[in-house]
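> Following is a predicted model, sequence given first.
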Number of protein chains: 2
Amino acid sequence: MEHVMERIRTVELAAHVGQRVHVAGWLHARRRLGGLTFLTIRDGWGLAQVVAEGEEVAALDALEANAPGLGVESVVAVEARVTLAPRAPGGLELVEPRVEVISRVSEPPPVALNKHDLKASLTTLLESAAVTNRHPTRRAVFRLAAAAMAGFRETLLARDFTEIQTPKLVAAATESGANVFHLDYFGRDAYLAQSPQLYKQMMVGVFERVFEVGPVFRAEPHDTTRHINEYVSLDAEMGFIQDHRDVMALLRDVLAGMLAALRARGERELALLDVTLPEVPPEIPAIAFTEAQDLIFARHGVDVRGEPDLSPQDERWLGEWAWEAHGSDFLYVTGYPTHKRAFYTHPDPARPAYTNSFDLMLRGMELVSGGQRLHRYEDYRAVLAERGLPLAPFRDYLEAMRYGMPPHGGFGLGLERLLMQLTGLPTIKLVALFPRDLTRLTP
Amino acid sequence: MEHVMERIRTVELAAHVGQRVHVAGWLHARRRLGGLTFLTIRDGWGLAQVVAEGEEVAALDALEANAPGLGVESVVAVEARVTLAPRAPGGLELVEPRVEVISRVSEPPPVALNKHDLKASLTTLLESAAVTNRHPTRRAVFRLAAAAMAGFRETLLARDFTEIQTPKLVAAATESGANVFHLDYFGRDAYLAQSPQLYKQMMVGVFERVFEVGPVFRAEPHDTTRHINEYVSLDAEMGFIQDHRDVMALLRDVLAGMLAALRARGERELALLDVTLPEVPPEIPAIAFTEAQDLIFARHGVDVRGEPDLSPQDERWLGEWAWEAHGSDFLYVTGYPTHKRAFYTHPDPARPAYTNSFDLMLRGMELVSGGQRLHRYEDYRAVLAERGLPLAPFRDYLEAMRYGMPPHGGFGLGLERLLMQLTGLPTIKLVALFPRDLTRLTP
């Protein structure tokens, strides 16, 4: 069949009621009802229902007779007329179809893709991700991820940030003590970057305001619902700040921009997944680390004062409090103890045992870490000596500090963790296209 | 000094003539001339000239007397009045300054950053990239890279492509025989992805149209001006094509969008680097591989007919011909021999020894490779068997093909190679922020 008319996407059908159109996609479902045959076509964006009757059904049957099978997931092109059909999904139906087969599939896929809920074990979902990611509820997650990335970039570009791509192959496993992957680089030791932290700070010296979207690698041997070993990090860093509060204000706007992008570009996907996005308040409430511990003691009778960090239970309690006291899904906790944060964290000048740092919690779960960084060369030398860290692996990083750096800070946000929290999926492995975990290097 | 007024960027000064403004940045240069002191301030976007006279000079001198040095690259904030000054750079000058020191630098940087031309060896430029990337001509290159990425994404988003991020840690070194980096992944063999090729094809089954911007890794032991071992690949892949010509039309539009973004966002940088961007013709001329060999024989008397590939000299000759015959900086060469292209390349149905593939040349140098891919499961099984390749490492990839794939194709474009050709810099190492080559893992 020659297609004289241009193919349209299924999500564009409403603009063509009464016209004949050309759509194409996967044969998502087919069923017979009386003398009618219903086909559901899934293209890259949505679904369309096609109804065949009389000779059209005979023509469909002939397509099957000519060659083995025309099973679901076969790729087809359809020319048909768009009609209003209040009881059809989306209120539209394609009638008087002419169907052409592009790729035949005769075996059923490993998991039924045309049920509203995808019924399969986590293992099957992940092992057959090349196919299970086609299910509308799966791909909706990844389309939301794309919208979130777009919102992140657009918000920062509008604020004169410059995008950078920093090396993932690095010479030293230096940054924060996290486990790193090691490899042989032409006879030398190399490591996979666990974050773009040091590079994005160096680039503040060039562009002042930078961001990066890219993979980071953590060789942590944890098998939990919150860990994967390769994830997408959304990083930003900016110069000429007063302190971490400027970074918190920026992050607030970036999140608002990302959620606006999700609403604007992900409307169908949010509806399909039944996701209600949180609201970002004009100013996200903030509580100091030590006050948060006091509050937990006062409200729950559990004395965590003096603990060096907040536990997941502490974070849940604080999330509840943020909602009750401020009506906010988001909460900043600021001023974490200096000895628990990375060496580059700027101390609070008024209370040097605590830092100009923050974590952002969404509904009681940590989502973003950030803060003000040291910017004086002498401060870096002092803190590295204090912590017993060698200078040599930081030579280039220190060179950037030595030749003039403004006060600066930034944050890093894990894309998959954000998606996990927004969608409520039970494990982060379901919000990565092809997750990497302790046992999984494929697909 | 309390800044009651909001800081503006140096590139915004023209909108504030006659007003007092607050700018901040690095002390790019200072010189005395008669009783005047001239300061050049460099912020993340441009330069501004400040003139101090009389008591203002005394105030500047006092800043130096109070503490050691106020050398170039010190970070400063300046409040001053914007005046028109036809002979100053940019036609503007900041007068009546009040200067505050934010970070002092007393040592000169490893390379003078305030000369119009950056005079240093390649080794010094790369070894001190954390500082040398601050030079206006260096950072202009990287700002153009950012504009190119933005143009790539915007063009594809406008065509309903979905952004994906595919894994860089993979289980098998399978794709094209290129050298790959190996690492230990929790006791198993893993490799760094040499391209997102197999994953982007699998994702055509989900979204139809996908793109990715991300790092790729090549363990090729070449030390040339055209090779680095980690680079940024701009990849796109789309389904429901007729053949490779649909991909060529897409790539033409993507390039036009990227060049438009460079013009719109990189005006200052293009002027600074004295770069004239090529024009993308409405239709890029194309020549078949065998015809190109005939043409080289006819024009240059060198018989390359029967050679399996084009040499760099052949490509230069073809570039000259494209300019002379078509007035085009760009040229497609199509129909490369089947046995020289990757196994997934779709053969030309009319001439199966040749492929539905293309290379795009810019001014006689290869810039992009692409083509139509196989999409039938049986074709993949046949070609893998023919080439003696095992099926097991391709299990997931083949699963995507087994359960229905449309005809599809795409391309991959190296960001650094594009920037190298546009800027005319002598080595690709100068268009990567922190290049990775045979001997270089730092900075």
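On my side now, so go ahead.
> Helices along the stretch 201-350 of chain A, start to end?
Ranges of helices in the stretch 201-350 of chain A, per DSSP state H, counting those that start in this stretch, are A:244-265, A:267-273, A:289-300, A:312-326.
> Deepest in the core, which of those helices is it.
helix A:244-265 (a mean of 20; mean count of other CB atoms under 10 Å in any protein chain shown). (C-beta placed from N, C-alpha, C; glycine too.)
> could you dump that one to CSV, C-alpha only?
These are the backbone C-alpha positions of helix A:244-265, laid out as CSV (Å, rounded to 0.1, in the frame of the first residue of the first chain):
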residue,chain,number,x,y,z
HIS,A,244,23.8,27.8,50.8
ARG,A,245,20.4,29.6,51.0
ASP,A,246,21.0,30.9,47.4
VAL,A,247,21.4,27.3,46.3
MET,A,248,18.2,26.3,48.1
ALA,A,249,16.3,29.1,46.3
LEU,A,250,17.7,28.0,43.0
LEU,A,251,16.8,24.3,43.7
ARG,A,252,13.3,25.4,44.6
ASP,A,253,12.9,27.1,41.3
VAL,A,254,14.5,24.1,39.4
LEU,A,255,12.0,21.7,41.1
ALA,A,256,9.1,24.0,40.2
GLY,A,257,10.3,24.1,36.6
MET,A,258,10.7,20.3,36.5
LEU,A,259,7.2,19.8,37.9
ALA,A,260,5.8,22.3,35.5
ALA,A,261,7.4,20.4,32.6
LEU,A,262,6.0,17.2,33.9
ARG,A,263,2.5,18.7,34.0
ALA,A,264,2.9,20.3,30.5
ARG,A,265,4.5,17.3,28.7
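> What mean pLDDT does it get?
For helix A:244-265, the mean pLDDT works out to 98.
> just stretch A:372-381 next, same as before
On average, stretch A:372-381 scores 97.
> can you tell if stretch A:396-403 touches chain B?
Yes. Using CB under 8 Å from any CB of the partner chain, stretch A:396-403 comes into contact with chain B via A:Asp396, A:Tyr397, A:Glu399, A:Ala400, A:Arg402, A:Tyr403.
> which other residues reach that stretch?
Residues from elsewhere that reach stretch A:396-403 (CB atoms under 8 Å, 6 or more residues apart in numbering or on different chains): A:198, A:201-202, A:205, A:374-377, A:380-381, A:391, B:73, B:105, B:107, B:109-110, B:128-131, B:442-443.
> Stretch A:20-29 too?
Under CB under 8 Å, 6+ apart, the answer for stretch A:20-29 is A:3, A:5-10, A:13, A:38-44, A:47-48, A:70-82, A:94, A:96, A:102, A:105, A:113-114, A:134, B:240, B:404, B:406.
> buried stuff in that stretch?
A:Val21, A:His22, A:Val23, A:Ala24, A:Gly25, A:Trp26, A:Leu27, A:His28, A:Ala29 (16 or more other CB atoms under 10 Å in any protein chain shown).
> Same list, the residues you listed, but as TSV with pLDDT please.
As requested, the buried residues of stretch A:20-29 are exported to TSV (pLDDT from 0 to 100):
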residue	pLDDT
A:Val21	97
A:His22	97
A:Val23	98
A:Ala24	98
A:Gly25	98
A:Trp26	98
A:Leu27	97
A:His28	97
A:Ala29	96
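> ok, back up a step: can you tell me which of the contacts of stretch A:20-29 end up in strands?
Counted as lying in strands by DSSP state E, out of the contacts of stretch A:20-29, are A:38-42, A:47-48, A:75-82, A:94, A:96, A:102.
> residues contacting the residue in the stretch 151-300 of chain A positioned nearest to chain B?
Going by CB to the nearest CB, chain B is nearest to A:Glu208 of the stretch 151-300 of chain A, at 3.1 Å. Neighbouring residues of A:Glu208 by CB under 8 Å, 6+ apart: A:Met238, A:Gly239, A:Phe240, A:Pro406, B:Asp43, B:Gly44, B:Trp45.
> returning to what we had before: which of the contacts of stretch A:20-29 are buried?
Looks like these have A:7-10, A:13, A:39-44, A:47-48, A:70-80, A:82, A:94, A:102, A:105, A:113-114, A:134, B:240, B:404, B:406 buried, using 16+ other CB under 10 Å.
> how's chain A carved up into domains?
Domain assignment for chain A, taken from automatic domain parsing, gives A:10-103, A:130-430.
> Could you tell me the end-to-end distance of the first one?
End-to-end distance for domain A:10-103: 19 Å, by CA to CA, to the nearest Å.
> Local confidence estimate at the spatially closest residue to A:Ala171 that is not a sequence neighbour?
Spatial nearest neighbour of A:Ala171, chain neighbours left out: B:Leu441 (4.0 Å); criterion: CB to CB, 6 or more residues apart in numbering or on different chains. Looking at B:Leu441, its pLDDT reads 96.
> likewise A:Glu2?
52.
> what's the angle from the one helix or strand A:Ala146 maps to to helix B:136-158?
Per DSSP states H and E, A:Ala146 falls inside helix A:136-157. Between helix A:136-157 and helix B:136-158, the angle comes out at 150 degrees (axes from the mean of the first three to the mean of the last three CA atoms, to 10 degrees).
> close to chain B, is helix A:136-157?
Yes. Helix A:136-157 lies within reach of chain B by CB under 8 Å from any CB, at A:Arg138, A:Arg139, A:Phe142, A:Arg143, A:Ala145, A:Ala146, A:Met149, A:Ala150, A:Arg153, A:Leu157.
> For the stretch 101-250 of chain A, give me the ranges with low pLDDT.
Low-confidence regions of the stretch 101-250 of chain A, defined by pLDDT under 70, span residues A:174-178.
> at 50 instead, please
Counting by pLDDT under 50, the stretch 101-250 of chain A has no low-confidence residues at all.
> Whatever residue of the stretch 1-150 of chain A ends up closest to chain B - nearest residue in space that isn't next to it in sequence?
Across the stretch 1-150 of chain A, no residue is closer to chain B than A:Gly44, which sits at 3.1 Å (CB to the nearest CB). Distances taken as CB to CB, 6+ apart put B:Glu208 closest to A:Gly44, at 3.1 Å, once the chain neighbours are dropped.
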